[in-house]
Each structure stands twice: as C-alpha cells, then as structure tokens.
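Chemist: Predicted model and sequence below, questions to follow.
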Amino acid sequence: MGKEKGQEILHASSVEAFLLTGAANMRYLAGFTGEGYVYLSEQSAVVVTDSRYTIAARAECKGFTIEVWNGKPYYEILKRYAEKDKIETLGFEEEEMTVSELHKLQEMLPSHLMTLEPLGEQITKWRSVKSREEIDKIRTAEAIGDRAYARLLPQLRAGMTEKQVAARLEFYMKEEGADGLSFDTIAASGIHSAMPHAVPTDKKLEAGDFLTMDFGCLYEGYCSDMTRTVIIDRANQKQHEIYYTVLVAQKQAMAGIRPGVRGCEIDSLARQVIEEAGYGNYFVHSLGHSVGLCIHEKPCFAPKDETVLQPGMVITVEPGIYVEGFGGVRIEDVVVVTEDGCENMTQSPKRLIEIGG
C-alpha cells in the first residue's frame with residue numbers, strides 16, 4: 001500500500017506510531033517481504049532488517065528508510081527513532097509477537113518513557129476491504145488453482161494415494177505460475193473425507209470413495225482457496241443426497257451476498273438448507289473466511305460474525321457435511337462482494353464428477 005496509506009491508517013488509530021513485526025502487515029503497509037520490522041510514525045517510515053534483505057527492501061519499500069541492524073541490539077534502532085519522534089504511545093502486533101520479544105521490547109523502551117499498546121484489529125480491519133489491485137491478484141491466484149484442478153481431473157484414478165493427489169495439485173499450481181502454497185493441500189478420501197482438515201496419507205483411492213481436495217496458492221503475496229469433492233467410480237443415493245445438499249446450500253448463501261448484509265446472515269442461509277435436509281449436526285464449521293495476504297482473515301461468514309458486508313470484501317463460501325465412518329463433502333468458492341451482489345472468482349465445475357464411473 002505504501003507510506004501514505006500507512007500514515008492514513010496511523011492517523012485513524014489510537015497510537016502515535018506502529019511497530020509491525022507480522023509478515024502480512026509489513027507487506028501491506030511497506031511492501032516488505034523479508035524478515036525484520038517496520039516502524040511508522042508521522043515523522044518517520046523505517047524498515048529495519050539485516051544484510052540478507054537490504055537489496056530487496058530498497059526495491060520493495062518506496063518512501064521508507066532502510067536500516068541495517070547487523071550486530072546491534074534488536075530494538076536499538078527503534079528506540080532511536082521513537083525518541084527522536086517523541087513517541088508516547090507505540091502500537092505493536094500482540095498476535096505476532098512472542099512473550100520473549102515483548103519482554104525485550106519492554107526492557108529497551110521503559111514504561112516511563114513510552115506506553116506500549118496492543119493494536120488489536122486497528123490495521124487488519126483496513127485489510128478487510130481489498131483494493132482493485134489486491135482483488136486482481138487474488139483472482140489470478142484463484143485462476144491458477146482452477147487450471148491445476150483441470151489438469152488433475154483426467155489423472156485421478158482408483159489406486160492413487162492421497163499423497164499423490166496432493167503432490168500433483170501442488171506441482172500443477174507451481175507450473176501454472178504460483179509463487180507458493182497458501183496452506184498445506186488437503187486430499188482426503190473415503191472415511192478420511194469426514195475430517196475437514198485431514199492430512200493426506202498413503203491411503204489409496206477406492207471405488208465408492210468421496211475425494212475432497214482443498215488447495216490454494218500464492219500470487220504476489222495473495223492467497224487463493226478452493227475445495228472440490230468428487231466420487232471415485234459411481235455415487236450411491238446417499239452420496240448424491242449429501243453432495244447436492246451442500247451444493248444447494250452454497251448457492252443459497254451466494255444468492256444472499258450483497259453490501260449491508262451481516263456475515264452471520266449469510267452463514268444462516270446455508271446452514272438452514274443443511275438443517276432442513278437433516279444434516280445440521282454434520283456441518284461443523286463456519287461458512288467462510290476472508291482471504292488476502294493471509295489465508296484466514298476477517299470478516300467471516302459465521303454464526304456470531306456481525307460484520308456488515310462492504311464492496312471489496314473477499315470471502316470464501318464453503319459449506320460442508322461430514323459423516324463419521326461414511327465420508328464428507330465440501331464445496332468452496334471465493335467471492336468478492338460487489339455493489340449489488342457478489343462475483344464468484346472460482347470457475348471450476350461443481351456438478352458431481354464420478355471418476356471412472
């Protein structure tokens with residue numbers, strides 16, 4: 001976003017300066033992708049790092065002074081700038097800082113000189129509404145996932161292992177232009193598909209298995225996320241029922257997404273469909289989460305999320321039904337809230353695909 005955006009956010013906050021140590025907020029406000037920290041006040045904009053990242057920092061962080069700490073106490077440079085700027089309240093990312101680092105910071109910046117204030121969501125709430133550039137990067141990342149999935153489908157067959165499925169998805173995403181993975185790929189078959197966050201194993205795909213694949217990649221720092229469930233061989237009646245209950249729930253939720261609606265209301269739209277079909281106890285997670293520089297951001301589509309949707313919010317829609325000992329289905333797309341509804345960024349087909357059936 002740059003120095004100017006950072007100072008706009010600073011002026012709207014409750015502190016006089018930011019100390020950023022989390023990768024997402026450092027990249028968001030300074031463009032910095034290395035290790036170190038960012039100090040931002042009305043007077044100063046500084047990236048502090050070591051010699052491994054100085055060349056990259058100078059290229060990435062326009063308008064920021066690049067300081068190298070090699071051999072110096074970690075927060076000595078921070079103290080120098082904070083004292084020069086006469087900072088009385090310094091905000092820090094409490095969810096990103098260890099207790100050990102906080103103690104070091106408190107020792108370097110005694111409380112009689114400066115008050116340390118947890119930032120909470122004072123920065124992350126700004127990240128909830130994406131710019132056009134951010135949305136384009138997420139759309140590109142999602143398209144990479146679509147292409148990887150299209151390449152995988154003809155390769156699927158009984159006898160492959162879950163690990164092989166996950167490995168091929170990851171390879172195809174990299175080959176299609178991904179910079180990395182946004183999370184560890186899930187490939188869960190048979191009874192394993194009843195576990196929403198199953199880890200791929202050596203289990204082989206068998207006729208009659210659900211196969212749930214949840215995967216995503218990074219493009220210029222931004223995440224994609226999608227889930228598709230297929231059947232190995234032919235689906236039975238109960239599998240058809242579960243699959244299309246999930247699909248109808250997703251469509252019902254997506255039809256309700258628009259500015260002014262609360263996240264909990266969208267969750268309720270999908271949950272109602274699943275409950276009326278008799279599977280309410282088997283939908284065990286919230287409907288969706290925002291994506292951006294992190295794979296899980298706020299706001300969410302969740303029973304207790306009162307956030308009012310705004311244009312530019314990018315959120316997953318991923319209902320699921322998980323029956324222990326039988327299997328599970330999840331279908332997940334990424335949508336961006338528009339002025340009058342939403343745009344679905346995920347283009348992979350959602351009809352029930354029977355592999356080899």
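Modeler: Here it is on my side, so go on.

Chemist: what number of residues lie near the spatially closest residue to L19 that is not a sequence neighbour?
Modeler: Nearest non-adjacent residue to L19, counting by C-beta to C-beta, 6 or more residues apart in numbering: F92, 4.7 Å away. From N, CA and C alone the C-beta is placed, and that goes for glycine too. Using other C-beta atoms under 10 Å, F92 has 22 other residues around it.

Chemist: any idea how far F64 is from E220?
Modeler: F64 sits 19 Å away from E220, going by C-beta to C-beta, to the nearest Å.

Chemist: Kindly report the same for V246.
Modeler: In this structure, V246 and E220 are 32 Å apart, going by C-beta to C-beta.

Chemist: And these two? Which one has more around it.
Modeler: Between V246 and E220, counted using other C-beta under 10 Å, V246 has the larger neighbour count: 26 against 14.

Chemist: nearest residue to that one other than its sequence neighbours?
Modeler: Among residues not flanking V246 along the chain, V329 sits closest, at 4.8 Å (C-beta to C-beta, 6+ apart).

Chemist: Downstream of the helix or strand harbouring the one you found, the next helix or strand is which one?
Modeler: Element membership of V329, judged by DSSP states H and E, is strand 327-330. Towards the C-terminus, the helix or strand next in line after strand 327-330, according to DSSP H and E, is strand 333-337.

Chemist: hmm, who's touching that following strand?
Modeler: The contact list for strand 333-337, computed with C-beta atoms under 8 Å, 6 or more residues apart in numbering, reads 130, 135, 138-139, 142, 224-226, 250, 254, 257-259, 291, 309-318, 342-346.

Chemist: Strands of the stretch 151-300 of the chain, start to end?
Modeler: Secondary structure of the stretch 151-300 of the chain (DSSP state E, counting those that start in this stretch): strands at 180-181, 186-189, 210-215, 217-219, 222-223, 226-233, 288-290, 297-301.

Chemist: In PyMOL, select just the buried ones from the contacts of strand 333-337.
Modeler: The PyMOL command for the buried members of the contacts of strand 333-337 (criterion: 16 or more other C-beta atoms under 10 Å) is given here:
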select buried, resi 130+135+138+139+142+224+225+226+250+254+257+259+291+309+312+313+314+315+316+317+318+342+345+346
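
Chemist: G292 contacts I315, correct?
Modeler: No. Between G292 and I315 there is no contact, the gap being 10.2 Å when judged by C-beta atoms under 8 Å.

Chemist: Show me which residues of stretch 318-331 are buried.
Modeler: The neighbour-count check on stretch 318-331 (16+ other C-beta under 10 Å) flags E318, P319, G320, I321, Y322, V323, F326, G327, G328, V329, R330, I331 as buried.

Chemist: Show me the shaky parts of the stretch 51-200 of the chain.
Modeler: Counting by pLDDT under 70, the stretch 51-200 of the chain has low-confidence residues at 112.

Chemist: gap between Y322 and D267?
Modeler: With the distance defined as C-beta to C-beta, Y322 ends up 17 Å from D267.

Chemist: And for T140?
Modeler: Where D267 is concerned, T140 sits at a distance of 28 Å (C-beta to C-beta).

Chemist: do V47 as well
Modeler: Distance, V47 to D267, by C-beta to C-beta: 39 Å.

Chemist: With I295 instead?
Modeler: Between I295 and D267 the distance is 19 Å, computed by C-beta to C-beta.

Chemist: ok, the two, which is more surrounded?
Modeler: D267 (23 against 17).

Chemist: Mind pulling up the pLDDT for that one?
Modeler: The pLDDT attached to D267 in the predicted structure is 98.

Chemist: Is the residue lying closest to F32 once chain neighbours are set aside in a helix, a strand, or coil?
Modeler: The shortest distance from F32 to any non-neighbouring residue, by C-beta to C-beta, 6+ apart, is to M26 (4.6 Å). Judged by DSSP: H, G, I helix; E, B strand; the rest coil, the three-state class of M26 is helix.

Chemist: Could you verify that I66 is part of a helix?
Modeler: No. Residue assignment for I66, taken from three-state DSSP, gives strand, which places it outside any helix.

Chemist: In which helix or strand does the nearest residue to it once chain neighbours are set aside reside?
Modeler: Once flanking residues are discounted, I66 sits nearest to A57: 4.8 Å by C-beta to C-beta, 6+ apart. With the criterion set as DSSP H and E, the secondary-structure element containing A57 is helix 54-60.

Chemist: Are there helices or strands packed against that helix, and which ones?
Modeler: Helices and strands touching helix 54-60, as assessed by 3 or more C-beta pairs under 8 Å, 6 or more residues apart in numbering; DSSP states H and E, comprise strand 65-68.

Chemist: heading toward the C-terminus, what's the first helix or strand past the strand it packs on?
Modeler: With secondary structure assigned by DSSP H and E, strand 65-68 is succeeded by helix 76-84.

Chemist: CA atoms only: put the following helix or strand past that next one into CSV for me.
Modeler: Heading C-terminal from helix 76-84, the first helix or strand you meet, by DSSP H and E, is strand 89-92. The C-alpha atoms that make up strand 89-92 are tabulated as CSV, following Å, rounded to 0.1, in the frame of the first residue of the first chain:
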residue,chain,number,x,y,z
THR,A,89,2.3,5.5,22.6
LEU,A,90,3.7,2.8,20.4
GLY,A,91,1.3,0.2,18.9
PHE,A,92,2.5,-3.4,18.5
